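J.: mind folding the following:
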Amino acid sequence: INKSDFKQWYIQSEERIRSRVKIVFDSIDTDQNGTISREEIRVLLEKVEPTVTDDDVDEAIAIMSEDGGEITFEEFSEWYVHSMLYHRQEQKVVEEEEEEEDDDNICASLSPPTCEDGIFAWIKYIILLPIVLALALTVPDVRRPGLAR
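T.: Got it, this is the predicted structure:
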């Protein structure tokens, strides 16, 4: 992998996570005015903890908003990027990418041995190739999403 491939992958991963942030922001912004109000923060916090106080709401707003007022998408996005939620999403994207690579690795692992590997490597390859191909093409991947290796 070269630097430009890595950069392209990284930018796509960032864009995918940021698009998820927009979806989360829109779900919190119930009046769809482009900002999250104090009442919308209260509703969100009450979903997590029913006994939310005014101090809890003030603290959440102070953390997310620069001016202590309504929270814009940029402020929410900045907070989200530095939160634990973002790092979980980032890890999830990396795992999804690794799963896609694992699917590609099956084909790569079926490549024939080189001449330097010897006759036993070729015999093993000739015997095991039909078995591996039959299993790879007929046995479905039954892992649940998120529970893969």
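J.: got the contact list for the residue sitting furthest away from the middle of the chain?
T.: Within the chain, I119 marks the point farthest from the mean C-alpha position, 44.0 Å out by CA atoms, centre = their mean. By CB atoms under 8 Å, 6 or more residues apart in numbering, the contact list for I119 is empty. C-betas here are computed from N, CA, C, even on glycine.
J.: where's it relative to L129, distance?
T.: 16 Å (CB to CB, to the nearest Å).
J.: C115 too?
T.: For C115, the distance to L129 (CB to CB) stands at 17 Å.
J.: with S65 instead?
T.: For S65, the distance to L129 - CB to CB - is 61 Å.
J.: who's more crowded, those two?
T.: Per other CB atoms under 10 Å, whichever of S65 and L129 has more neighbours is S65, with 19 against 12.
J.: would you mind measuring from that one to E59?
T.: For S65, the distance to E59 equals 11 Å [CB to CB].
J.: next: N33.
T.: 23 Å.
J.: ok, now I127?
T.: In terms of CB to CB, I127 sits 66 Å off from E59.
J.: what does P50 give?
T.: 17 Å.
J.: between the two, tell me which one has more neighbours.
T.: The residue with more neighbours, out of P50 and E59, is E59; 12 against 7, by other CB under 10 Å.
J.: which helix or strand contains the more buried one?
T.: helix 54-64 (DSSP states H and E).
J.: following element in sequence after that helix, please.
T.: Taking DSSP H and E, what comes next after helix 54-64 is strand 71-72.
J.: check which helices and strands the helix or strand that comes right after that next one sits against.
T.: Counting by DSSP H and E, the element after strand 71-72 in chain order, helix or strand, is helix 73-81. Here helix 73-81 touches helix 3-28, helix 54-64, going by 3 or more CB pairs under 8 Å, 6 or more residues apart in numbering; DSSP states H and E.
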